[in-house]
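quick one, what's the 3D model for this:
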Amino acid sequence: MKIDNEKSRKTHCPGCGNNRNTDIKGSFEPARAEDQHGDIWVQEEYRILQCRGCDTVFFELATLCSEEIYILEGDADPEHIVRQATVIKQYPPSAELEMPNWLAQSSIPYKLNERLRDVYGCYLNDLVSPATASLRTALDVFFELSGIDDKLRFERKCEVAQEILELSGPDRKCLDTLIEAGSAAVHRGWKPSKKELGTLISALEGFFKNYYVHRPIIEEMSQKVPGKSEKINPSKVDGV
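Now for the predicted structure:
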């Protein structure tokens, strides 16, 4: 029995980067794997899809497990129940969160850039726990590049960073939260949801963008803005 009997479906296209209508060009469903009593089983369906918008061809794996099927209250439609329980994975992975363009264009150090690529790589391949742990690693590299003693505990590193780098209160809160998340993943087996991980990565991205992109621009602009005692030469004013 096929998991889905669709000939087309709307899904995330790795080419367009958005939800698009796609045609299912081919599918294969091997015999389902089950325990010796047949009570617990896993059914898989492999699909090749093509986007109707950009013609990108990609692969999809649909998995249905007997232990994950549940009935929605008041809904007795078996087909609907199956659809609710089916887990979909795409290859190449759907880029719900992509590496930002500024990362390649900014003055961010190469070593830190590589650690950030690790974070995004783990995220896009559904390696949630390693991605969460990598958040802490990226910040540890940032501390090292900032001249902070590597032997210090993370809490102390954050204190020193706030002092010597003149970080704001919200920046410090961001560092504390990201490091605690990484530590929880490494030492306490914490595994955030994909959405929660996306939020953590966005916070890390925002911190580094502010430090390596926005801060230098603001510092440069501060040198150009005339002080209160300075007179502005009208000939240098734009449009005059």
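
where in the protein is pLDDT low?
Residue ranges of the chain with pLDDT under 70: 1-5, 68-85, 93-98, 105-106, 229-240.

what about the helices in this protein?
When secondary structure is read from DSSP state H, the chain shows helices at 78-85, 102-105, 110-124, 128-145, 154-164, 169-187, 194-209, 215-224.

which stretch among these comes nearest residue 53?
When these are compared by CB to CB, helix 110-124 sits nearest residue 53, at 21.1 Å. Any C-beta I mention is one placed from the backbone N, CA and C, and that applies to glycine too.

which outside residues touch that closest one?
Under the criterion CB atoms under 8 Å, 6 or more residues apart in numbering, residues 92-93, 95, 97-99, 103, 108, 128, 130-131, 134-135, 137-138, 141-142, 145, 197-198, 201, 204-205, 208 lie in contact with helix 110-124.

still on that earlier bit, so which of the helices of the chain is the most packed in?
Across these, the average number of neighbours (mean count of other CB atoms under 10 Å) peaks for helix 128-145, which reaches a mean of 20.

in terms of secondary structure, what does it contact?
Packed against helix 128-145, as judged by 3 or more CB pairs under 8 Å, 6 or more residues apart in numbering; DSSP states H and E, are the following elements: helix 110-124, helix 154-164, helix 169-187, helix 194-209.

if we use 6 Å, what do you get?
Helices and strands touching helix 128-145, by 3 or more CB pairs under 6 Å, 6 or more residues apart in numbering; DSSP states H and E, are helix 110-124, helix 169-187, helix 194-209.

chain center to it: distance?
Shown here is helix 128-145, whose average C-alpha point lies 14 Å from the average C-alpha point of the whole chain (CA atoms, centre = their mean, to the nearest Å).

now it against helix 194-209, angle please.
For helix 128-145 against helix 194-209, the angle between stretch directions is 10 degrees (axes from the mean of the first three to the mean of the last three CA atoms, to 10 degrees).

what's next to helix 128-145, contact-wise?
Applying CB atoms under 6 Å, 6 or more residues apart in numbering, the contact partners of helix 128-145 are 109, 111-112, 115-116, 118-119, 122-123, 150, 157, 178-179, 181-182, 185-186, 191, 197, 200, 204.

kindly report the same for stretch 99-108.
Residues from elsewhere that reach stretch 99-108 (CB under 6 Å, 6+ apart): 120, 212, 213.

count of neighbours near the residue nearest to residue 22 when sequence neighbours are not counted?
Nearest non-adjacent residue to residue 22, counting by CB to CB, 6 or more residues apart in numbering: residue 49, 4.4 Å away. The local packing count at residue 49 equals 22, with neighbours defined by other CB atoms under 10 Å.

with residue 191 instead?
By other CB under 10 Å, the residues close to residue 191 number 12.

quick one, phi psi at it?
The phi and psi values for residue 191, taken as degrees, to the nearest 10, are phi -130, psi 100.

could you pull up the contacting residues of it?
Going by CB under 6 Å, 6+ apart, the list of residues near residue 191 reads 128, 129.

distance check, it against residue 141.
Spatial separation of residue 191 from residue 141 under the definition CB to CB, to the nearest Å is 23 Å.

what's the answer for residue 8, then?
The span separating residue 8 from residue 141 equals 45 Å under the rule CB to CB.

follow-up on the earlier one: so what sits opposite the residue nearest to residue 22 in the bridge?
In this entry, residue 49 is beta-bridged to residue 24, residue 58, by DSSP bridges.

thought it was touching residue 21?
No - the pair residue 49 / residue 21 is not scored as a contact, 10.1 Å apart, by CB atoms under 6 Å.
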